[in-house]
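S.K.: kindly return the folded structure for what I paste below:
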Amino acid sequence: MTINRDLALALVYLATGVAGLWFGRNLHFGSLAQTGPGTFPTLIAWALVIFGLASMLRGITRPVRTLEVIGWKPLAIVTISIVSFALLLTRIGFLPALTLLGLGAALASRHFALRPLPLVGLLAFVAVCYAIFVVALGLPLPQSGLTLPWIGRI
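M.R.: Take a look at the predicted model:
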């Protein structure tokens with residue numbers, strides 16, 4: 001059986017977008033001056049619907065690109081990493097849980113190797129996430145208990 005890759009992707013985008021619109025239907029959207037809790041989910045859901053329609057149009061108008069075999073092992077590793085992040089966030093803190101999430105996601109790649117440059121990239125990613133979510137946005141994310149003299153408690 002041949003499955004059109006673009007149409008399969010369109011169905012995923014559309015299903016996710018429609019589900020987001022459905023679950024966020026009771027959230028207050030707000031205005032551009034003062035956004036409500038439904039603004040971001042609604043915008044993302046509409047973007048997914050638009051991408052789904054564009055991908056469907058591409059699947060209909062272009063030659064069929066068949067869907068390759070699904071890599072179940074990488075899919076399972078990434079899923080386990082995300083669930084582990086959610087479970088470990090309150091127990092070990094934001095930074096260690098995010099680091100483990102990054103390592104778990106990297107394990108899913110067939111090109112994964114523990115070398116210095118990817119580790120530096122992972123640490124840079126974690127630092128940028130910390131700067132955005134904790135420092136800039138001030139989100140009250142769980143801390144690890146580790147204290148660094150120049151930053152404070154992380």
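
S.K.: all contacts plus neighbour counts: C-alpha atoms, from now on.
M.R.: OK.

S.K.: quick one, domains of this protein?
M.R.: 5-61, 72-153 (automatic domain parsing).

S.K.: quick check: phi and psi on Thr35?
M.R.: phi -70, psi 150 (degrees, to the nearest 10).

S.K.: okay, the domains of the chain, which one's buried deepest?
M.R.: domain 5-61 (a mean of 16; mean count of other CA atoms under 10 Å).

S.K.: now do the end-to-end distance for that one.
M.R.: For domain 5-61, the first-to-last residue distance is 13 Å (CA to CA, to the nearest Å).

S.K.: hmm, back to that, now the domains of the chain in CSV, with mean pLDDT?
M.R.: Formatted as CSV, the domains of the chain follow (pLDDT from 0 to 100):
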stretch, mean pLDDT
domain 5-61, 90
domain 72-153, 86
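
S.K.: next structured bit after the lengthiest helix in the chain?
M.R.: Longest helix of the chain, by residue count under DSSP state H: helix 39-61. As assigned by DSSP states H and E, the chain's next helix or strand after helix 39-61 is helix 72-92.

S.K.: give me the angle between the helix or strand just after that following helix and helix 72-92.
M.R.: For helix 72-92, the following helix or strand on the C-terminal side (DSSP H and E) is helix 94-107. Orientation of helix 94-107 against helix 72-92 (axes from the mean of the first three to the mean of the last three CA atoms, to 10 degrees) gives an angle of 170 degrees.

S.K.: what residues does helix 94-107 touch?
M.R.: Contact partners of helix 94-107, identified using CA atoms under 8 Å, 6 or more residues apart in numbering, comprise 74, 77-78, 81-82, 84-85, 88-89, 112, 122-123, 126, 130, 141-144, 154.

S.K.: mind exporting that helix as PDB, just the C-alpha atoms?
M.R.: The C-alpha coordinates for helix 94-107 follow below in PDB (Å, rounded to 0.1, in the frame of the first residue of the first chain):
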ATOM      1  CA  PHE A  94      14.200  22.400  35.300                       C
ATOM      2  CA  LEU A  95      17.800  22.300  34.200                       C
ATOM      3  CA  PRO A  96      18.700  18.700  35.000                       C
ATOM      4  CA  ALA A  97      15.300  17.500  33.500                       C
ATOM      5  CA  LEU A  98      15.900  19.600  30.300                       C
ATOM      6  CA  THR A  99      19.400  18.200  30.000                       C
ATOM      7  CA  LEU A 100      18.200  14.700  30.200                       C
ATOM      8  CA  LEU A 101      15.400  15.400  27.700                       C
ATOM      9  CA  GLY A 102      18.100  16.700  25.300                       C
ATOM     10  CA  LEU A 103      20.300  13.600  25.800                       C
ATOM     11  CA  GLY A 104      17.300  11.300  25.300                       C
ATOM     12  CA  ALA A 105      16.200  13.100  22.100                       C
ATOM     13  CA  ALA A 106      19.800  12.900  20.800                       C
ATOM     14  CA  LEU A 107      19.900   9.100  21.600                       C
END
